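> here you go, sequence then predicted model.
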Amino acid sequence: NVLILDFGSQYTQLIARRVRELNIFCEIYPYNHFPEDLSGFKAVILSGSPYSVRANDAPHPNLTHIKGVKPLLAVCYGAQYLAHFGGGEVAPSTIREYGRANLDFIKTDEVLFDGIATGSQVWMSHSDTIKQLPTNGVLLASTKDVTNAAYKIEGENTYAIQFHPEVYHSTDGKQLLENFLLKIAHIEPNFTSTAFVEDCIADLQNQLQDDKVVLGLSGGVDSTVAAVLLHKAIGKNLYCIFVNNGLLRKNEFENVLEQYKHMGLNVKGVDASQRFYEALAGESDPEKKRKIIGRVFIEVFDDEAHQIENVKWLAQGTIYPDVIESVSVKGPSATIKSHHNVGGLPDFMKLKVVEPLRMLFKDEVRRVGKTLDIDDELLGRHPFPGPGLAIRILGDITPEKVQLLQEVDAIFINGLKEHNLYDSVWQAGAILLPVNSVGVMGDERTYEKVVALRSVSSTDGMTADWVHLPYEFLIKISNEIINKVKGVNRVVYDISSKPPATIEWE
Ligand code: XMP
(Lines give C-alpha, C1' and ligand atoms only; values in the text may rest on other atoms or scores of the structure.)
Protein backbone atom coordinates (compact mmCIF):
# COMPACT_ATOMS: atom_id res chain seq x y z
CA ASN A 1 0.00 0.00 0.00
CA VAL A 2 1.43 3.33 -1.13
CA LEU A 3 0.49 6.76 0.17
CA ILE A 4 0.40 9.59 -2.38
CA LEU A 5 0.38 13.00 -0.78
CA ASP A 6 -1.41 15.43 -3.04
CA PHE A 7 -0.18 19.01 -3.24
CA GLY A 8 -2.87 19.89 -5.77
CA SER A 9 -1.19 18.94 -9.04
CA GLN A 10 -3.30 18.18 -12.09
CA TYR A 11 -1.21 15.01 -12.46
CA THR A 12 -1.76 13.45 -9.02
CA GLN A 13 -4.44 11.03 -10.19
CA LEU A 14 -2.13 9.98 -13.00
CA ILE A 15 0.54 8.99 -10.46
CA ALA A 16 -2.05 6.77 -8.78
CA ARG A 17 -3.05 5.25 -12.11
CA ARG A 18 0.56 4.41 -12.96
CA VAL A 19 1.18 2.85 -9.55
CA ARG A 20 -1.96 0.75 -9.89
CA GLU A 21 -0.85 -0.33 -13.37
CA LEU A 22 2.08 -1.95 -11.61
CA ASN A 23 -0.47 -3.95 -9.58
CA ILE A 24 0.33 -1.98 -6.46
CA PHE A 25 -2.45 -0.47 -4.40
CA CYS A 26 -2.19 3.20 -3.52
CA GLU A 27 -4.31 5.91 -1.99
CA ILE A 28 -4.29 9.66 -2.52
CA TYR A 29 -4.62 11.97 0.47
CA PRO A 30 -4.50 15.76 0.51
CA TYR A 31 -1.22 17.01 2.05
CA ASN A 32 -3.15 18.81 4.77
CA HIS A 33 -5.33 15.89 5.77
CA PHE A 34 -3.59 12.53 5.83
CA PRO A 35 -3.84 9.66 8.31
CA GLU A 36 -1.76 9.88 11.49
CA ASP A 37 -1.11 6.17 11.55
CA LEU A 38 1.13 5.39 8.60
CA SER A 39 1.97 1.84 9.62
CA GLY A 40 -0.07 0.40 6.73
CA PHE A 41 1.91 2.31 4.10
CA LYS A 42 5.09 0.85 2.66
CA ALA A 43 6.14 3.91 0.67
CA VAL A 44 5.17 7.54 0.13
CA ILE A 45 5.08 9.64 -3.04
CA LEU A 46 4.88 13.44 -2.94
CA SER A 47 3.02 14.96 -5.88
CA GLY A 48 3.59 18.11 -7.88
CA SER A 49 1.76 21.35 -7.19
CA PRO A 50 0.83 24.64 -8.84
CA TYR A 51 2.48 26.45 -5.87
CA SER A 52 5.98 27.78 -5.48
CA VAL A 53 7.64 26.45 -2.29
CA ARG A 54 8.72 30.01 -1.57
CA ALA A 55 5.14 31.28 -1.36
CA ASN A 56 3.76 31.86 2.14
CA ASP A 57 0.60 29.87 1.55
CA ALA A 58 2.38 26.98 -0.19
CA PRO A 59 1.89 23.43 1.15
CA HIS A 60 4.51 22.85 3.84
CA PRO A 61 3.42 19.68 5.66
CA ASN A 62 5.45 18.16 8.46
CA LEU A 63 7.25 15.16 7.01
CA THR A 64 9.16 14.04 10.10
CA HIS A 65 7.24 10.76 10.33
CA ILE A 66 7.87 10.07 6.68
CA LYS A 67 11.27 11.31 5.50
CA GLY A 68 14.02 8.89 6.45
CA VAL A 69 11.38 6.54 7.89
CA LYS A 70 9.50 5.33 4.81
CA PRO A 71 10.84 4.98 1.28
CA LEU A 72 10.00 8.34 -0.23
CA LEU A 73 9.78 9.55 -3.83
CA ALA A 74 9.26 13.28 -4.27
CA VAL A 75 8.03 14.48 -7.66
CA CYS A 76 8.39 18.03 -9.04
CA TYR A 77 7.04 20.35 -6.32
CA GLY A 78 7.73 17.49 -3.88
CA ALA A 79 11.38 17.48 -4.93
CA GLN A 80 11.58 21.25 -4.48
CA TYR A 81 9.89 21.04 -1.11
CA LEU A 82 12.42 18.46 0.10
CA ALA A 83 15.26 20.68 -1.08
CA HIS A 84 13.80 23.87 0.40
CA PHE A 85 13.37 22.31 3.84
CA GLY A 86 16.53 20.26 3.90
CA GLY A 87 18.92 23.18 3.58
CA GLY A 88 18.96 23.43 -0.21
CA GLU A 89 17.91 26.36 -2.35
CA VAL A 90 14.94 26.78 -4.65
CA ALA A 91 14.70 29.85 -6.87
CA PRO A 92 12.71 31.03 -9.89
CA SER A 93 14.32 29.63 -13.00
CA THR A 94 15.63 31.95 -15.63
CA ILE A 95 14.51 29.82 -18.56
CA ARG A 96 11.12 28.20 -19.04
CA GLU A 97 11.29 24.56 -18.01
CA TYR A 98 8.26 23.11 -19.67
CA GLY A 99 7.94 20.15 -22.01
CA ARG A 100 10.24 17.41 -23.20
CA ALA A 101 13.86 17.17 -22.09
CA ASN A 102 16.51 14.47 -22.01
CA LEU A 103 18.53 13.09 -19.12
CA ASP A 104 22.02 13.79 -20.46
CA PHE A 105 23.60 12.64 -17.24
CA ILE A 106 22.51 9.67 -15.11
CA LYS A 107 24.65 8.49 -12.20
CA THR A 108 25.76 4.91 -12.83
CA ASP A 109 24.82 2.05 -10.52
CA GLU A 110 21.81 3.88 -9.20
CA VAL A 111 18.84 1.59 -8.50
CA LEU A 112 16.24 4.27 -9.23
CA PHE A 113 17.56 4.44 -12.81
CA ASP A 114 18.02 0.70 -13.40
CA GLY A 115 17.29 -0.09 -17.03
CA ILE A 116 17.09 3.60 -17.98
CA ALA A 117 19.73 4.78 -20.43
CA THR A 118 21.35 8.20 -20.73
CA GLY A 119 19.32 10.35 -23.09
CA SER A 120 15.97 9.11 -21.75
CA GLN A 121 13.17 11.58 -22.46
CA VAL A 122 11.39 13.19 -19.49
CA TRP A 123 8.53 15.66 -19.09
CA MET A 124 9.22 18.89 -17.22
CA SER A 125 6.60 21.31 -15.94
CA HIS A 126 7.86 23.80 -13.39
CA SER A 127 8.87 27.43 -13.03
CA ASP A 128 11.06 27.21 -9.90
CA THR A 129 14.30 25.31 -10.02
CA ILE A 130 16.48 23.59 -7.41
CA LYS A 131 19.65 25.68 -7.32
CA GLN A 132 21.31 23.77 -4.54
CA LEU A 133 20.65 20.26 -3.20
CA PRO A 134 19.66 19.77 0.44
CA THR A 135 22.09 18.50 3.07
CA ASN A 136 23.41 15.03 2.18
CA GLY A 137 21.88 15.34 -1.29
CA VAL A 138 23.54 13.27 -4.02
CA LEU A 139 22.97 14.24 -7.63
CA LEU A 140 21.45 11.41 -9.70
CA ALA A 141 20.51 12.96 -13.03
CA SER A 142 20.58 16.18 -15.07
CA THR A 143 19.15 17.57 -18.28
CA LYS A 144 20.69 20.30 -20.43
CA ASP A 145 18.78 23.05 -18.61
CA VAL A 146 18.10 21.42 -15.26
CA THR A 147 21.18 20.33 -13.38
CA ASN A 148 19.36 18.98 -10.34
CA ALA A 149 16.81 16.86 -12.23
CA ALA A 150 17.06 13.97 -9.74
CA TYR A 151 18.76 13.45 -6.38
CA LYS A 152 18.71 11.23 -3.33
CA ILE A 153 19.52 11.77 0.30
CA GLU A 154 22.59 9.81 1.37
CA GLY A 155 21.81 7.16 3.98
CA GLU A 156 18.04 7.34 3.44
CA ASN A 157 15.57 5.79 1.01
CA THR A 158 14.61 9.30 -0.02
CA TYR A 159 14.53 10.15 -3.74
CA ALA A 160 13.49 13.24 -5.60
CA ILE A 161 12.89 13.95 -9.26
CA GLN A 162 12.10 17.25 -10.91
CA PHE A 163 10.34 15.65 -13.90
CA HIS A 164 6.99 13.85 -14.03
CA PRO A 165 7.34 10.06 -14.32
CA GLU A 166 3.54 9.65 -14.43
CA VAL A 167 3.17 11.44 -17.77
CA TYR A 168 3.59 9.27 -20.88
CA HIS A 169 6.04 11.76 -22.39
CA SER A 170 8.48 10.57 -19.72
CA THR A 171 9.34 7.48 -21.73
CA ASP A 172 10.88 5.53 -18.86
CA GLY A 173 8.58 6.91 -16.16
CA LYS A 174 6.95 3.58 -15.55
CA GLN A 175 10.34 1.89 -15.21
CA LEU A 176 11.42 4.50 -12.69
CA LEU A 177 8.28 4.04 -10.60
CA GLU A 178 8.76 0.29 -10.78
CA ASN A 179 12.38 0.63 -9.62
CA PHE A 180 11.28 2.76 -6.70
CA LEU A 181 8.34 0.60 -5.62
CA LEU A 182 9.75 -2.86 -6.26
CA LYS A 183 13.50 -2.51 -5.82
CA ILE A 184 13.76 0.28 -3.28
CA ALA A 185 10.54 -0.07 -1.26
CA HIS A 186 10.33 -3.86 -1.87
CA ILE A 187 6.57 -3.85 -2.38
CA GLU A 188 4.86 -6.99 -3.68
CA PRO A 189 2.83 -6.25 -6.81
CA ASN A 190 -0.25 -8.19 -5.74
CA PHE A 191 -3.10 -5.79 -6.42
CA THR A 192 -4.89 -7.57 -9.28
CA SER A 193 -8.58 -7.71 -10.20
CA THR A 194 -8.77 -11.29 -9.00
CA ALA A 195 -7.27 -10.35 -5.65
CA PHE A 196 -9.57 -7.34 -5.44
CA VAL A 197 -12.66 -9.45 -6.11
CA GLU A 198 -11.72 -12.01 -3.46
CA ASP A 199 -10.91 -9.41 -0.81
CA CYS A 200 -13.90 -7.28 -1.65
CA ILE A 201 -16.35 -10.17 -1.36
CA ALA A 202 -14.85 -11.24 1.96
CA ASP A 203 -15.00 -7.65 3.27
CA LEU A 204 -18.60 -7.23 2.15
CA GLN A 205 -19.63 -10.46 3.86
CA ASN A 206 -17.94 -9.31 7.00
CA GLN A 207 -19.46 -5.86 6.92
CA LEU A 208 -23.01 -6.83 5.91
CA GLN A 209 -23.47 -10.19 7.65
CA ASP A 210 -27.15 -11.10 7.18
CA ASP A 211 -28.34 -7.54 6.50
CA LYS A 212 -30.45 -6.62 3.52
CA VAL A 213 -29.06 -4.18 0.97
CA VAL A 214 -30.86 -2.11 -1.66
CA LEU A 215 -29.13 -0.86 -4.80
CA GLY A 216 -30.27 1.31 -7.69
CA LEU A 217 -29.20 -0.12 -11.03
CA SER A 218 -28.83 2.26 -13.94
CA GLY A 219 -27.63 0.05 -16.76
CA GLY A 220 -24.20 1.65 -16.44
CA VAL A 221 -20.91 -0.08 -15.75
CA ASP A 222 -20.43 1.07 -12.15
CA SER A 223 -23.79 0.11 -10.70
CA THR A 224 -23.71 -3.20 -12.58
CA VAL A 225 -20.27 -4.19 -11.31
CA ALA A 226 -21.21 -3.10 -7.77
CA ALA A 227 -24.37 -5.23 -7.97
CA VAL A 228 -22.56 -8.33 -9.18
CA LEU A 229 -19.93 -8.03 -6.42
CA LEU A 230 -22.64 -7.65 -3.79
CA HIS A 231 -24.63 -10.47 -5.29
CA LYS A 232 -21.62 -12.76 -5.02
CA ALA A 233 -21.11 -11.67 -1.43
CA ILE A 234 -24.65 -11.74 -0.02
CA GLY A 235 -26.82 -13.39 -2.68
CA LYS A 236 -30.53 -13.01 -2.13
CA ASN A 237 -30.09 -10.25 0.45
CA LEU A 238 -29.30 -7.86 -2.37
CA TYR A 239 -32.39 -6.11 -3.75
CA CYS A 240 -31.86 -4.18 -6.97
CA ILE A 241 -34.19 -1.53 -8.30
CA PHE A 242 -34.06 -0.35 -11.88
CA VAL A 243 -36.19 2.72 -12.52
CA ASN A 244 -37.43 3.66 -15.96
CA ASN A 245 -37.58 7.46 -15.89
CA GLY A 246 -38.95 7.55 -19.42
CA LEU A 247 -35.76 9.24 -20.56
CA LEU A 248 -33.69 6.18 -21.43
CA ARG A 249 -32.59 5.11 -24.89
CA LYS A 250 -34.93 3.20 -27.16
CA ASN A 251 -35.87 -0.21 -25.65
CA GLU A 252 -33.16 0.26 -23.03
CA PHE A 253 -35.37 -0.51 -20.05
CA GLU A 254 -36.63 -3.83 -21.38
CA ASN A 255 -33.28 -4.96 -22.81
CA VAL A 256 -31.17 -4.14 -19.79
CA LEU A 257 -33.72 -5.57 -17.36
CA GLU A 258 -33.64 -8.80 -19.30
CA GLN A 259 -29.84 -8.85 -19.18
CA TYR A 260 -29.83 -8.30 -15.41
CA LYS A 261 -32.26 -11.12 -14.82
CA HIS A 262 -30.13 -13.31 -17.01
CA MET A 263 -27.18 -12.55 -14.73
CA GLY A 264 -29.12 -13.89 -11.77
CA LEU A 265 -29.64 -10.53 -10.08
CA ASN A 266 -32.78 -9.98 -8.07
CA VAL A 267 -34.05 -6.90 -9.91
CA LYS A 268 -37.31 -5.08 -9.75
CA GLY A 269 -38.00 -2.95 -12.81
CA VAL A 270 -40.16 0.07 -12.01
CA ASP A 271 -41.68 1.97 -14.90
CA ALA A 272 -42.18 5.48 -13.53
CA SER A 273 -42.11 7.28 -16.90
CA GLN A 274 -45.44 9.01 -16.42
CA ARG A 275 -44.45 10.31 -13.02
CA PHE A 276 -41.32 11.88 -14.49
CA TYR A 277 -43.13 13.35 -17.52
CA GLU A 278 -45.75 14.92 -15.28
CA ALA A 279 -43.16 16.44 -12.97
CA LEU A 280 -41.18 17.78 -15.94
CA ALA A 281 -44.10 19.21 -17.89
CA GLY A 282 -43.46 22.76 -19.08
CA GLU A 283 -39.97 23.04 -17.55
CA SER A 284 -37.20 24.23 -19.88
CA ASP A 285 -34.41 25.22 -17.52
CA PRO A 286 -31.60 22.63 -17.62
CA GLU A 287 -30.70 22.77 -13.94
CA LYS A 288 -34.36 22.70 -12.89
CA LYS A 289 -34.95 19.68 -15.12
CA ARG A 290 -32.02 17.93 -13.45
CA LYS A 291 -33.33 18.76 -9.98
CA ILE A 292 -36.83 17.51 -10.81
CA ILE A 293 -35.46 14.26 -12.18
CA GLY A 294 -33.23 13.82 -9.13
CA ARG A 295 -36.13 14.48 -6.76
CA VAL A 296 -38.60 12.18 -8.51
CA PHE A 297 -35.98 9.47 -8.70
CA ILE A 298 -35.45 9.63 -4.95
CA GLU A 299 -39.21 9.54 -4.35
CA VAL A 300 -39.68 6.50 -6.57
CA PHE A 301 -36.63 4.77 -5.16
CA ASP A 302 -37.70 5.50 -1.61
CA ASP A 303 -41.20 4.13 -2.22
CA GLU A 304 -39.66 0.94 -3.52
CA ALA A 305 -37.01 0.66 -0.80
CA HIS A 306 -39.72 0.97 1.86
CA GLN A 307 -41.31 -2.15 0.49
CA ILE A 308 -38.23 -4.17 1.35
CA GLU A 309 -38.74 -5.13 4.93
CA ASN A 310 -35.92 -4.37 7.32
CA VAL A 311 -33.44 -3.14 4.74
CA LYS A 312 -30.32 -1.70 6.43
CA TRP A 313 -27.97 -0.59 3.67
CA LEU A 314 -27.94 1.45 0.50
CA ALA A 315 -25.29 0.32 -1.98
CA GLN A 316 -23.81 2.88 -4.37
CA GLY A 317 -21.51 2.57 -7.36
CA THR A 318 -19.29 5.50 -6.28
CA ILE A 319 -15.79 5.25 -7.79
CA TYR A 320 -12.42 6.64 -6.70
CA PRO A 321 -12.33 9.89 -8.72
CA ASP A 322 -15.57 10.98 -6.96
CA VAL A 323 -14.05 10.15 -3.59
CA ILE A 324 -10.83 12.05 -4.32
CA GLU A 325 -12.78 15.02 -5.65
CA SER A 326 -14.81 15.23 -2.46
CA VAL A 327 -11.70 15.43 -0.23
CA SER A 328 -9.33 17.25 -2.59
CA VAL A 329 -6.78 19.86 -1.55
CA LYS A 330 -8.92 22.68 -2.86
CA GLY A 331 -12.21 21.11 -1.86
CA PRO A 332 -14.76 19.95 -4.41
CA SER A 333 -14.31 21.92 -7.60
CA ALA A 334 -16.92 24.55 -8.33
CA THR A 335 -20.22 23.18 -9.49
CA ILE A 336 -20.52 23.56 -13.22
CA LYS A 337 -23.46 21.23 -13.60
CA SER A 338 -25.17 19.94 -10.50
CA HIS A 339 -24.28 16.27 -11.06
CA HIS A 340 -20.62 16.84 -10.31
CA ASN A 341 -21.32 16.65 -6.57
CA VAL A 342 -20.99 13.24 -5.01
CA GLY A 343 -24.59 12.28 -4.45
CA GLY A 344 -24.99 11.83 -0.72
CA LEU A 345 -27.81 10.11 1.01
CA PRO A 346 -31.12 11.96 1.15
CA ASP A 347 -31.95 12.70 4.80
CA PHE A 348 -35.13 10.74 4.83
CA MET A 349 -33.47 7.53 3.78
CA LYS A 350 -31.76 6.56 6.96
CA LEU A 351 -29.72 3.77 5.50
CA LYS A 352 -26.05 3.01 5.97
CA VAL A 353 -24.02 3.32 2.78
CA VAL A 354 -21.87 0.61 1.26
CA GLU A 355 -19.66 1.47 -1.73
CA PRO A 356 -17.70 -1.54 -2.97
CA LEU A 357 -15.99 0.38 -5.81
CA ARG A 358 -14.95 3.48 -3.89
CA MET A 359 -11.24 2.68 -4.26
CA LEU A 360 -11.26 1.92 -8.00
CA PHE A 361 -10.68 3.96 -11.12
CA LYS A 362 -13.03 3.48 -14.05
CA ASP A 363 -10.71 1.24 -16.04
CA GLU A 364 -10.21 -0.89 -12.93
CA VAL A 365 -13.97 -1.21 -12.53
CA ARG A 366 -14.10 -2.54 -16.09
CA ARG A 367 -11.32 -5.03 -15.38
CA VAL A 368 -13.10 -6.21 -12.23
CA GLY A 369 -16.25 -6.57 -14.32
CA LYS A 370 -14.34 -8.76 -16.72
CA THR A 371 -13.02 -10.88 -13.87
CA LEU A 372 -16.63 -11.26 -12.75
CA ASP A 373 -17.56 -12.47 -16.28
CA ILE A 374 -19.88 -9.58 -16.97
CA ASP A 375 -20.74 -9.34 -20.65
CA ASP A 376 -18.34 -7.23 -22.75
CA GLU A 377 -21.27 -5.42 -24.28
CA LEU A 378 -22.40 -4.20 -20.87
CA LEU A 379 -18.87 -3.28 -19.76
CA GLY A 380 -18.10 -1.40 -22.97
CA ARG A 381 -21.22 0.77 -22.92
CA HIS A 382 -20.79 4.48 -23.34
CA PRO A 383 -21.50 6.60 -20.28
CA PHE A 384 -25.06 7.92 -20.23
CA PRO A 385 -26.16 10.80 -18.00
CA GLY A 386 -28.59 10.17 -15.14
CA PRO A 387 -31.15 12.70 -16.47
CA GLY A 388 -30.89 10.88 -19.79
CA LEU A 389 -32.54 12.33 -22.86
CA ALA A 390 -34.01 15.19 -20.80
CA ILE A 391 -30.73 17.11 -21.12
CA ARG A 392 -30.51 16.26 -24.83
CA ILE A 393 -33.94 17.70 -25.57
CA LEU A 394 -33.33 21.43 -25.39
CA GLY A 395 -36.34 23.08 -23.83
CA ASP A 396 -39.34 21.38 -22.31
CA ILE A 397 -39.92 17.65 -22.34
CA THR A 398 -42.87 15.84 -23.85
CA PRO A 399 -43.26 12.08 -24.41
CA GLU A 400 -43.48 12.78 -28.16
CA LYS A 401 -40.14 14.57 -28.22
CA VAL A 402 -38.58 11.74 -26.21
CA GLN A 403 -39.86 9.20 -28.68
CA LEU A 404 -38.59 11.17 -31.65
CA LEU A 405 -35.14 11.55 -30.11
CA GLN A 406 -35.03 7.86 -29.16
CA GLU A 407 -35.49 6.97 -32.84
CA VAL A 408 -32.74 9.34 -33.98
CA ASP A 409 -30.40 8.21 -31.22
CA ALA A 410 -30.99 4.53 -32.02
CA ILE A 411 -30.10 5.04 -35.69
CA PHE A 412 -26.90 6.85 -34.74
CA ILE A 413 -25.79 4.39 -32.03
CA ASN A 414 -26.66 1.27 -34.01
CA GLY A 415 -24.84 2.79 -36.98
CA LEU A 416 -21.72 3.29 -34.87
CA LYS A 417 -21.90 -0.34 -33.80
CA GLU A 418 -22.48 -1.65 -37.31
CA HIS A 419 -19.54 0.34 -38.65
CA ASN A 420 -17.24 -0.76 -35.83
CA LEU A 421 -16.93 2.80 -34.60
CA TYR A 422 -18.71 2.40 -31.26
CA ASP A 423 -15.67 1.28 -29.28
CA SER A 424 -13.44 4.03 -30.61
CA VAL A 425 -15.84 6.69 -29.35
CA TRP A 426 -16.05 7.56 -25.65
CA GLN A 427 -19.59 8.84 -25.74
CA ALA A 428 -22.14 9.59 -28.44
CA GLY A 429 -25.72 10.72 -28.70
CA ALA A 430 -28.23 12.89 -30.48
CA ILE A 431 -29.64 16.23 -29.39
CA LEU A 432 -33.06 17.57 -30.30
CA LEU A 433 -32.83 21.29 -31.00
CA PRO A 434 -35.69 23.67 -30.28
CA VAL A 435 -35.72 25.06 -33.81
CA ASN A 436 -37.54 24.24 -36.99
CA SER A 437 -35.88 24.59 -40.33
CA VAL A 438 -37.21 24.70 -43.85
CA GLY A 439 -36.68 21.71 -46.08
CA VAL A 440 -38.12 20.15 -49.17
CA MET A 441 -39.36 16.61 -49.52
CA GLY A 442 -40.70 15.52 -52.90
CA ASP A 443 -42.60 18.57 -54.07
CA GLU A 444 -43.47 19.72 -50.62
CA ARG A 445 -41.95 22.32 -48.40
CA THR A 446 -41.30 21.04 -44.88
CA TYR A 447 -40.78 22.96 -41.67
CA GLU A 448 -39.44 20.49 -39.17
CA LYS A 449 -36.99 19.80 -36.38
CA VAL A 450 -33.18 19.88 -36.47
CA VAL A 451 -31.16 17.25 -34.63
CA ALA A 452 -27.48 17.43 -33.77
CA LEU A 453 -25.20 14.42 -33.50
CA ARG A 454 -22.37 14.48 -30.98
CA SER A 455 -19.56 12.02 -30.52
CA VAL A 456 -16.48 12.64 -28.43
CA SER A 457 -13.24 11.03 -27.40
CA SER A 458 -12.21 11.45 -23.79
CA THR A 459 -10.68 9.55 -20.89
CA ASP A 460 -12.76 10.83 -18.01
CA GLY A 461 -15.27 13.30 -19.40
CA MET A 462 -13.34 16.25 -17.96
CA THR A 463 -11.97 17.19 -21.36
CA ALA A 464 -13.16 15.89 -24.71
CA ASP A 465 -12.52 16.21 -28.42
CA TRP A 466 -15.10 15.77 -31.13
CA VAL A 467 -14.47 12.63 -33.10
CA HIS A 468 -13.62 12.87 -36.80
CA LEU A 469 -16.25 10.36 -37.89
CA PRO A 470 -15.86 9.38 -41.56
CA TYR A 471 -17.91 11.54 -43.95
CA GLU A 472 -19.27 8.39 -45.59
CA PHE A 473 -20.68 7.29 -42.27
CA LEU A 474 -22.18 10.71 -41.51
CA ILE A 475 -23.83 10.83 -44.95
CA LYS A 476 -25.41 7.46 -44.37
CA ILE A 477 -26.67 8.25 -40.88
CA SER A 478 -28.00 11.66 -41.88
CA ASN A 479 -29.98 10.12 -44.78
CA GLU A 480 -31.33 7.37 -42.62
CA ILE A 481 -32.48 9.78 -39.92
CA ILE A 482 -34.17 12.17 -42.34
CA ASN A 483 -35.82 9.34 -44.26
CA LYS A 484 -37.00 7.34 -41.30
CA VAL A 485 -37.76 9.75 -38.49
CA LYS A 486 -40.86 11.75 -39.16
CA GLY A 487 -40.55 15.33 -37.99
CA VAL A 488 -36.82 15.75 -38.65
CA ASN A 489 -35.59 17.39 -41.84
CA ARG A 490 -32.05 18.43 -40.93
CA VAL A 491 -29.06 16.80 -39.22
CA VAL A 492 -25.97 18.68 -38.04
CA TYR A 493 -22.73 17.41 -36.50
CA ASP A 494 -21.28 19.05 -33.41
CA ILE A 495 -17.61 19.99 -33.95
CA SER A 496 -16.91 21.61 -30.57
CA SER A 497 -14.41 20.37 -28.02
CA LYS A 498 -14.53 20.54 -24.24
CA PRO A 499 -13.49 23.01 -23.01
CA PRO A 500 -14.94 25.44 -23.94
CA ALA A 501 -18.07 23.49 -24.92
CA THR A 502 -19.36 20.73 -22.64
CA ILE A 503 -20.22 17.23 -23.83
CA GLU A 504 -23.94 17.62 -23.20
CA TRP A 505 -25.74 20.62 -24.64
CA GLU A 506 -27.50 21.35 -21.37
P1 XMP B 1 -20.47 17.65 -19.55
O2 XMP B 1 -21.71 17.95 -20.30
O3 XMP B 1 -20.41 18.27 -18.18
O4 XMP B 1 -20.51 16.08 -19.29
O5 XMP B 1 -19.23 17.89 -20.35
C6 XMP B 1 -19.46 15.32 -18.75
C7 XMP B 1 -19.98 13.93 -18.53
O8 XMP B 1 -21.00 13.96 -17.52
C9 XMP B 1 -22.22 13.48 -18.04
N10 XMP B 1 -23.29 14.31 -17.47
C11 XMP B 1 -24.09 13.91 -16.49
N12 XMP B 1 -24.16 12.74 -15.84
N13 XMP B 1 -25.98 13.60 -14.56
C14 XMP B 1 -25.12 12.59 -14.87
O15 XMP B 1 -25.24 11.51 -14.27
C16 XMP B 1 -25.95 14.81 -15.19
O17 XMP B 1 -26.73 15.70 -14.88
C18 XMP B 1 -24.97 14.96 -16.22
N19 XMP B 1 -24.63 16.00 -17.02
C20 XMP B 1 -23.60 15.57 -17.79
C21 XMP B 1 -22.12 13.60 -19.54
O22 XMP B 1 -22.97 12.67 -20.18
C23 XMP B 1 -20.65 13.32 -19.76
O24 XMP B 1 -20.39 11.93 -19.74
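Yep, it's here.

> how about Gly78, nearest residue that isn't a chain neighbour?
Leaving aside its sequence neighbours, Gly78 sits nearest to Leu46 (CB to CB, 6 or more residues apart in numbering; 2.8 Å). Glycine gets a C-beta too; all of them are placed from N, C-alpha and C.

> swap that for Leu394, please
With CB to CB, 6+ apart as the criterion, Leu394 has its nearest non-adjacent residue at 4.8 Å, and that residue is Pro434.

> just to check, that neighbour is in contact with Gly395?
Yes - using CB atoms under 8 Å, Pro434 makes contact with Gly395 at a distance of 4.1 Å.

> please identify which of the two sits among more neighbours.
The neighbour count for Pro434 versus Gly395, taken as other CB atoms under 10 Å, is higher for Gly395 (16 against 12).

> ok, then the element right after the lowest-mean-pLDDT helix or strand in the chain?
Lowest by mean pLDDT, DSSP states H and E among the helices and strands of the chain is helix 320-326, with a mean of 83. Next helix or strand after helix 320-326 toward the C-terminus (DSSP states H and E): strand 352-354.

> list the neighbouring strands of that next one plus their orientation.
Looking at strand 352-354 with DSSP bridges, its partner strands are strand 311-315 (parallel).

> and for the partner strand, what's in contact with it?
208, 211-215, 226-227, 230, 238-239, 305, 345, 349, 351-356 (CB atoms under 8 Å, 6 or more residues apart in numbering).

> run the last query once more with 10 Å
Contacts to strand 311-315, defined as CB atoms under 10 Å, 6 or more residues apart in numbering, come from residues 204, 207-216, 223, 226-227, 229-230, 234, 237-240, 301, 305, 345-346, 349-357.

> can you flag which of those belong to strands?
If you go by DSSP state E, the contacts of strand 311-315 have Lys212, Val213, Val214, Leu215, Gly216, Leu238, Tyr239, Cys240, Lys352, Val353, Val354 in strands.

> how distant is the strand or helix carrying Val440 from the center of its chain?
If you go by DSSP H and E, Val440 is part of strand 427-441. Centroid separation for strand 427-441 versus its chain: 31 Å, with CA atoms, centre = their mean, to the nearest Å.

> please tell me how far the residue nearest to Tyr422 when sequence neighbours are not counted sits from Ala430.
Nearest non-adjacent residue to Tyr422, counting by CB to CB, 6+ apart: Leu416, 4.3 Å away. Distance, Leu416 to Ala430, by CB to CB, to the nearest Å: 11 Å.

> wouldn't Lys401 be in contact with Ala430 here?
No - applying CB atoms under 10 Å, one finds Lys401 not in contact with Ala430, separated by 11.8 Å.

> between these two, point out the one with more neighbours.
Shown here are Lys401 and Ala430; by other CB under 10 Å, Ala430 has more neighbours (28 against 20).

> ok, the more buried one - contacts?
With CB under 10 Å, 6+ apart, Ala430 has these contacts: 389, 392-393, 404-413, 451-455, 477, 481, 485, 488, 491, 494.

> kindly recompute the last result at 6 Å.
Applying CB atoms under 6 Å, 6 or more residues apart in numbering, we find Ala430 in contact with Val408, Asp409, Phe412, Val451, Leu453.

> show me which residues of stretch 145-165 are buried.
By neighbour count on 16 or more other CB atoms under 10 Å, the buried set for stretch 145-165 is 146-153, 157-165.

> now, these that are in strands?
Among these, the members falling in strands are Ala150, Tyr151, Lys152, Ile153, Thr158, Tyr159, Ala160, Ile161 (criterion: DSSP E).

> max pairwise distance over these: which two?
Greatest spacing in these, by CB to CB: Ile153 and Ile161 (13.0 Å).

> residue most distant from the centroid, the protein?
Asp443 (50.9 Å; CA atoms, centre = their mean).

> how about Ser52, nearest residue that isn't a chain neighbour?
Of all residues not flanking Ser52 in the chain, Asp128 sits nearest, at 5.2 Å (CB to CB, 6+ apart).

> again, but for Ile234
Counting by CB to CB, 6+ apart, Ile234 lies nearest to Leu208, which is 5.5 Å off, once chain neighbours are set aside.

> other SSEs contacting the helix or strand where Phe412 lies?
In this assignment (DSSP H and E), Phe412 forms part of helix 399-418. If you count contacts as 3 or more CB pairs under 6 Å, 6 or more residues apart in numbering; DSSP states H and E, helix 399-418 packs onto strand 427-441, helix 471-484.

> ok, and what's touching it?
For helix 399-418, contacts defined as CB under 6 Å, 6+ apart pick out 249-250, 277, 389, 393, 422, 429-430, 432, 451, 453, 477, 480-481, 485, 487.
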